[in-house]
Each structure stands twice: as C-alpha cells, then as structure tokens.
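**Q** Model the structure of this input:
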Amino acid sequence: LANLRKQRAEYKVVDRAAADTDQVKIDFVGKVDGEAFDGGSAEDQTLILGSKSMIPGFEDGIVGMKAGETKAVDVTFPEEYGNKELAGKAAVFDITLNEVAEAELPELNEAFFEAFGTKGTDLESFKVEVRQNMEREARNALQAKLKNDVIEKLVEDNSLDVPSALVDEEIGRLQQQAVQQFGGGAQMD
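**A** Residues are numbered from 1 along each chain as shown. Next up, the predicted model:
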C-alpha cells in the first residue's frame with residue numbers, strides 16, 4: 001500500500017535544504033583528473049535522493065544543499081562500473097541545485113482507489129482487490145514461465161525434420177504475401 005501511494009506521489013517545491021527522499025533538479029559536470037568526460041554532465045536532471053540511481057556518494061553530496069547553491073562533490077566510481085575507463089577512478093562533480101521538492105502522498109480515498117481501476121470504495125475492499133490482482137498476476141506469470149520452460153525442453157529433447165515440400169510451400173506463400181503487400185503484380189523468382 002505504501003508503494004502504491006509513493007507511485008502516485010506529487011512533488012511540491014519547498015524552500016529548505018534537500019533531504020533524503022526529496023526530488024531535486026540539478027545541473028552537474030563531472031571531471032576525472034580535471035577533465036570532463038562523456039556522459040558526466042547534465043542540465044536540469046531530476047533525481048530522487050536516496051534512490052541510489054547515481055554512483056555512491058553523489059546523492060549524499062546533495063543532501064543539505066539549498067536551491068541556488070553549487071558544490072563540488074568528491075566520489076569514486078565503483079571498480080565494477082560499466083564504463084571501464086572510469087571504473088575505480090576518483091571524480092569531482094560540480095553540482096548546482098536548481099530545485100527541491102518533497103513528496104505529497106495521496107490520501108487513501110475513493111479517488112485514489114479509482115485511479116487503480118478498482119471497484120472498491122473503502123480501504124478494506126481496495127486491499128482485497130489489490131491482493132486478488134497480485135495473486136492473479138503471479139499465477140499468470142508462473143504459468144507463462146512453466147509453459148515456456150516445457151516448450152524449451154521439448155524443443156531441446158526432440159529434433160524435428162521438416163519436409164522440404166512444406167518448406168517450399170511456406171516460401172511460396174510468403175512470396176505471394178509480399179507481392180500482394182507491396183503491390184506490383186510482378187512475379188518473384
């Protein structure tokens with residue numbers, strides 16, 4: 001339920017220092033050995049503090065800043081970072097905080113319940129319906145995985161020789177379909 005409320009949160013701009021879970025808009029330029037690097041800068045980037053969507057230390061460096069402030073944040077790229085040229089290297093990000101906004105969670109009311117397409121108008125019936133939906137989705141996912149696993153195993157364990165006449169027939173059908181689709185009445189050989 002808490003996750004559903006977070007998904008529907010609206011952010012309101014506030015005049016205070018940035019804190020964990022706030023949404024911030026930032027400009028930043030990253031440098032390694034004093035040189036800017038590809039993918040290391042952005043303007044008006046939206047970020048949820050605490051989401052861990054940036055390298056370790058980046059988001060922590062923004063906590064406590066106020067809109068309009070600029071700060072140099074020292075970080076080190078993880079050893080297993082995707083870009084091998086940056087992996088394990090120290091970097092400095094010059095970050096300008098443009099805006100701080102805090103989440104306003106929606107009330108648990110009929111409008112909230114309707115936003116999820118449920119029929120319930122109170123909290124208890126909403127919970128029941130959400131649970132039923134989650135169970136149905138889990139069953140469907142499990143059945144799809146099981147079906148896929150069975151098909152893969154059958155294909156793996158059983159070779160199937162397709163007669164050349166069947167292959168030729170399918171090629172002819174596809175050629176005719178292409179002629180009809182792309183027009184022209186020309187015969188394909």
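**Q** okay, CA-based contacts and neighbour counts for the rest of this
**A** Will do.
**Q** Which helix or strand contains residue 25?
**A** strand 23-32 (DSSP states H and E).
**Q** what residue is smack in the middle of this structure?
**A** residue 53 (10.7 Å; Cα atoms, centre = their mean).
**Q** State the distance from that one to residue 173.
**A** Relative to residue 173, residue 53 is positioned 50 Å away (Cα to Cα, to the nearest Å).
**Q** With residue 54 instead?
**A** In terms of Cα to Cα, residue 54 sits 52 Å off from residue 173.
**Q** Restricting to C-alpha, output the lowest-mean-pLDDT helix or strand in the chain in PDB.
**A** Within the chain, no helix or strand scores below helix 110-115, which has a mean of 82 by mean pLDDT, DSSP states H and E. Written as PDB, here are the backbone C-alpha positions of helix 110-115 (Å, rounded to 0.1, in the frame of the first residue of the first chain):
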ATOM      1  CA  GLU A 110     -12.300   6.800  -3.300                       C
ATOM      2  CA  ALA A 111     -10.400   8.900  -5.900                       C
ATOM      3  CA  PHE A 112      -7.200   7.000  -5.000                       C
ATOM      4  CA  PHE A 113      -8.900   3.600  -5.300                       C
ATOM      5  CA  GLU A 114     -10.500   4.500  -8.700                       C
ATOM      6  CA  ALA A 115      -7.100   5.600 -10.000                       C
END
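**Q** Report the buried residues of that helix.
**A** For helix 110-115, a neighbour-count test (16 or more other Cα atoms under 10 Å) marks 112, 113 as buried.
**Q** C-terminal to it, what's the next element?
**A** Downstream of helix 110-115 (by DSSP H and E), the next one is helix 123-157.
**Q** pLDDT (mean, whole number) over that following helix?
**A** For helix 123-157, mean pLDDT rounds to 89.
**Q** can you count the residues close to residue 106?
**A** 15 (other Cα atoms under 10 Å).
**Q** so it is in which element?
**A** Going by DSSP H and E, residue 106 is not in any helix or strand.
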